[in-house]
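Enquirer: Below is the sequence, then the predicted model.
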Amino acid sequence: MDKKYILLFAHNGTGKTRLSMDFRKAGKKYDADGNVTDRDTLYFNAFTEDLFSWDNDLLSDAQRVLRINKNSKFFDGLQELEMDNKIRPLLHQYADFNFKINYEDGLVIFERQELVEGTAQIIDHIKVSRGEENLFIWCFFLAVAQLAIDKQERYNWVKYIYVDDPISSLDENNVIALACNLANMVNKDSHITMVISTHHSLFF
């Protein structure tokens, strides 16, 4: 494939997520025991979003956190790469909240500065909106994708980046901002081919 990027438009229910998974599967190589020995695609789709899940602390309603699936290889070795510092400037392009990642326990704690009786205070363990949550997950992925584009050794296997509908629950301003940032990434002199699929006409 010699194209730098491919942009697909299709309505919900027509198989965009299935296509992204088939694309990823086609780039894998297996040994005789069925173990993956090589791969070539870094992907973002509904399965990526499902690596994160809310724990709303139903017992005390105080220690609300976003849990990350530590069993996924997606998170392997990211603590050593100081991902917090790579995600934060990306996130602050879209949102005004902050976060802390506890890799050992697989937790993300969100916080925001608020005025309490006239004094600015950092309120942690906040529950962010669904759109804000999706923005954080997207920026997490975007930071990983940037490592691949920058030819970081851990991601030298990436030949394709496949992005399927990263704009769920976002308002139009963020849809436009996200599309512009993706366009800037695509337009860089990169060795990676990017495939982007969406049902959203404005994003397209």
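Expert: Looks like it arrived, so ask away.
Enquirer: how about low-confidence regions in the protein?
Expert: 1-2, 189 (pLDDT under 70).
Enquirer: Tell me where it has strands.
Expert: 5-9, 29-30, 36-38, 41-44, 52-55, 65-68, 98-102, 107-116, 119-124, 160-164, 193-198 (DSSP state E).
Enquirer: any chance of those strands in a markdown table, plus distance to Leu19?
Expert: (Glycine included, C-beta is placed from N, CA and C.) Formatted as a markdown table, the strands of the chain follow (distance: least, Cβ to Cβ, whole Å):
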| stretch | distance to Leu19 |
| --- | --- |
| strand 5-9 | 8 |
| strand 29-30 | 20 |
| strand 36-38 | 20 |
| strand 41-44 | 11 |
| strand 52-55 | 23 |
| strand 65-68 | 26 |
| strand 98-102 | 31 |
| strand 107-116 | 29 |
| strand 119-124 | 40 |
| strand 160-164 | 8 |
| strand 193-198 | 7 |
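Enquirer: Would you tell me which of the ones you listed gets closest to Met185?
Expert: With Cβ to Cβ, the closest approach to Met185 among these belongs to strand 193-198: 7.3 Å.
Enquirer: Just name whatever secondary elements that closest one is in contact with.
Expert: Contacts defined by 3 or more Cβ pairs under 8 Å, 6 or more residues apart in numbering; DSSP states H and E place strand 193-198 against strand 5-9, helix 16-26, strand 160-164, helix 172-187.
Enquirer: run the last query once more with 7 Å
Expert: Strand 193-198 makes packing contacts with strand 5-9, helix 16-26, strand 160-164 when contacts are defined by 3 or more Cβ pairs under 7 Å, 6 or more residues apart in numbering; DSSP states H and E.
Enquirer: Let me have those in TSV, extended by distance to Ile122 and mean neighbour count.
Expert: As requested, the helices and strands packed on strand 193-198 are exported to TSV (distance: least, Cβ to Cβ, whole Å; neighbours: other Cβ atoms under 10 Å):
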stretch	distance to Ile122	mean neighbour count
strand 5-9	40	14
helix 16-26	37	16
strand 160-164	33	23
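Enquirer: For the ones you listed, give me JSON lines that also has distance to Met185.
Expert: Shown next, in JSON lines, are these (distance: least, Cβ to Cβ, whole Å):
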{"stretch": "strand 5-9", "distance to Met185": "9"}
{"stretch": "helix 16-26", "distance to Met185": "17"}
{"stretch": "strand 160-164", "distance to Met185": "9"}
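Enquirer: Longest helix in this structure, by number of residues?
Expert: helix 130-149 (DSSP state H).
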